[in-house]
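Participant: Turn this into a structure:
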Amino acid sequence: MNLNGAKADQNGSFIYFVYPFIFETKDFKTLKSAISQAQIPAKENQFLWESQSFPKNDLLFHVANYLNPTDNHPPTASLWKLNEVARDIFGFRAQWQLITPISEIPFTFGEAGEGNKAVQLALFQIGVGFLTVRVQPDSDNINEWLNFLHYFRFLRGQQGTHVKAERRIGFNPDTKQPQLEPFFPELAGGQAQYQKGKVYFGEVVTNLLKKSALPPNSLPEPTSKQWWSEVFVPGQMLSFTALFADHLPVDETQLLLYKLQNLFHQQQGNNPAPEDLGFNNPAWLPYASRQWFIFSLEGGSFLAADAPKTEFFRQTLPSHLRDQYFLLFLIALHQRFTLMMLSSKVALNWLTDHEKKHSNGQREQVFEEIRNQLLVFTARGYFTQVMQREHHHRCYRQWHQVFQIQELYQEVNDEVRDMYEYTLMQQTRRLETTIQVIGVAVGIGGIIASSIANYIQQPLSLNPTWKIDTIHPAVLILLLSVAAGVAAGVLTWLGTGGWNWILNRIKQRDKK
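Facilitator: Just a heads-up that it's a prediction; the model follows:
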């Protein structure tokens with residue numbers, strides 16, 4: 001790809017990498033409290049995370065209340081940024097490099113030259129969370145940006161990637177160069193990780209999340225159980241990118257759009273089909289002259305080719321992209337992964353009679369919980385409109401189309417409705433069976449008792465004796481009618497599914 005001197009404006013351009021995960025809905029308040037109180041190791045009374053508010057500008061009123069609830073409303077979402085003091089603990093001021101099969105790319109965390117908001121953490125009450133890392137290459141070479149965008153999202157060495165870092169420990173007066181030593185965050189294994197081989201940024205992400213949910217003044221245990229589960233491709237992040245490209249040839253613009261859409265590195269996607277390069281591509285949403293939003297299932301991008309050098313296009317617009325437009329992306333992701341989580345719960349708990357691990361009562365309780373979660377999401381998380389302005393709304397609607405939110409919602413809604421109707425039917429069937437068994441038992445017993453009682457002439461004594469040959473006939477009839485009723489009830493129960501229940505119990509006992 002010949003860019004003929006095109007450069008990335010590092011002040012306006014940025015990359016957010018998003019690590020999505022899910023957790024138990026019931027743990028939201030506990031996790032929120034633990035994260036708010038988590039402390040930086042070896043830093044007394046220094047909290048690991050600083051509480052933040054979601055951007056409020058241009059949000060509809062009810063959406064703003066959902067994201068930033070007042071004291072009169074229960075918490076529904078929480079946002080934090082990593083404390084600036086913690087950046088040294090996690091080495092975000094060290095000199096990092098991404099090692100890929102085609103190049104080595106130095107990169108930094110946070111905003112260019114400032115490092116603010118290097119890492120953010122968001123939790124939604126429904127059970128979906130996002131750890132967001134802001135990183136970008138030190139170079140203004142657009143090919144390096146494409147390579148970095150493609151490879152950094154792989155957290156565990158997929159496609160031959162890994163990271164390395166060095167930290168300054170002094171200055172050599174002879175060579176007039178700083179002295180560096182290999183570095184890796186102690187909470188992620190420290191320099192010992194290099195002795196094991198290649199090191200991966202996924203260790204930083206995993207241990208940062210583990211430390212975040214530990215009680216204050218405790219140390220993370222390497223073997224401690226994760227409180228979250230991955231919900232996207234295992235070991236992979238999504239990206240949200242803004243690339244302000246200057247001196248970009250007009251005839252290269254469409255190819256760059258195509259590469260950003262597919263997250264291709266510089267050696268990929270150089271022979272696209274002509275149909276993929278048309279400006280009518282539904283994945284490209286025009287914003288202004290030679291500026292587009294780009295949508296895909298793996299992330300989103302914004303390309304501004306030779307944007308006017310005005311305050312709006314070089315300062316205001318990048319700020320909107322970092323805040324409002326990224327928030328739209330997170331809200332759509334939250335909806336997408338919530339629906340995927342609920343669909344997964346239905347699939348895991350929708351088992352046949354000889355496959356199910358729970359009793360009918362337990363399964364109905366699980367289904368009731370899933371139904372309630374869907375109702376909460378429908379009421380407070382499934383927004384048709386989020387922001388007031390036209391550009392924001394068009395972008396949000398496009399994310400809905402790309403992530404197929406409406407189709408996912410309809411699918412999960414149908415699953416949960418059918419599931420709930422099935423459980424109600426099962427409850428009704430069991431109630432009918434119970435009434436039938438009791439009715440047969442009482443009816444047979446009553447018939448026997450009434451049929452024989454007419455032939456009893458001996459009066460009933462108030463001082464009964466307990467010898468078998470002196471028991472009053474009425475008592476014998478009562479006992480006989482009860483025994484007959486029980487026998488008739490058992491036979492009725494066996495005929496209405498009791499045998500299957502007994503056989504299933506025998507099979508379960510044999511398996512154990």
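
Participant: how far is whichever strand or helix holds residue 148 from where the chain is centred?
Facilitator: Using DSSP states H and E, residue 148 sits within helix 142-151. How far helix 142-151 lies from its chain's middle: 26 Å, per Cα atoms, centre = their mean, to the nearest Å.

Participant: by contact count, what packs against that helix?
Facilitator: For helix 142-151, the elements it packs on are strand 7-8, strand 14-22, strand 104-109, strand 128-137, strand 238-246, helix 250-262, judged by 3 or more Cβ pairs under 8 Å, 6 or more residues apart in numbering; DSSP states H and E. Just so you know, the C-beta spots here come from the backbone N, C-alpha and C atoms, and that holds for glycine as well.

Participant: residues touching residue 227, list them.
Facilitator: 23, 27, 31, 209-210, 213 (Cβ atoms under 8 Å, 6 or more residues apart in numbering).

Participant: Adding mean neighbour count, distance to residue 190 and mean pLDDT, write the helices and strands packed on helix 142-151 out as a markdown table.
Facilitator: Below are the helices and strands packed on helix 142-151 laid out as a markdown table (neighbours: other Cβ atoms under 10 Å; distance: least, Cβ to Cβ, whole Å; pLDDT from 0 to 100):
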| stretch | mean neighbour count | distance to residue 190 | mean pLDDT |
| --- | --- | --- | --- |
| strand 7-8 | 20 | 34 | 96 |
| strand 14-22 | 22 | 22 | 97 |
| strand 104-109 | 18 | 19 | 95 |
| strand 128-137 | 24 | 20 | 96 |
| strand 238-246 | 23 | 28 | 97 |
| helix 250-262 | 19 | 36 | 95 |
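
Participant: Looking at the ones you listed, spot the one closest to residue 202.
Facilitator: Smallest distance to residue 202 across the helices and strands packed on helix 142-151 (Cβ to Cβ): 8.9 Å, for strand 14-22.

Participant: Do I have it right that residue 120 meets residue 55?
Facilitator: No - when contacts are counted by Cβ atoms under 8 Å, residue 120 is not listed as touching residue 55 (11.8 Å).

Participant: Run through who's touching the helix holding residue 148.
Facilitator: Identification of contacts with helix 142-151 by Cβ under 8 Å, 6+ apart yields 1, 3, 6-8, 13, 15, 98, 100, 102-103, 105, 107, 135-137, 139, 159, 161, 239, 241, 243, 245, 248, 256, 259-260, 263-266, 268.

Participant: Run the chain-centre distance for stretch 25-38.
Facilitator: What separates the centre of stretch 25-38 from the centre of its chain is 16 Å, taken as Cα atoms, centre = their mean.

Participant: and if you look at stretch 39-59?
Facilitator: Centre-to-centre, stretch 39-59 and its host chain are 21 Å apart (Cα atoms, centre = their mean).

Participant: ok, residues contacting it?
Facilitator: Applying Cβ under 8 Å, 6+ apart, the contact partners of stretch 39-59 are 35-38, 64, 67-68, 77-83, 85-86, 89, 120-122, 186-187, 211-212, 216-217, 219, 323-324, 327, 386-389, 392.

Participant: again, only using 7 Å
Facilitator: 35-36, 38, 64, 67-68, 77, 79-83, 85-86, 89, 121, 187, 211-212, 216-217, 323-324, 327, 386-389, 392 (Cβ atoms under 7 Å, 6 or more residues apart in numbering).

Participant: Which among those count as buried?
Facilitator: Listed as buried from the contacts of stretch 39-59 are 35, 38, 64, 67-68, 77, 79-83, 86, 89, 121, 187, 211-212, 324, 327, 386-387, 392; burial here means 16 or more other Cβ atoms under 10 Å.
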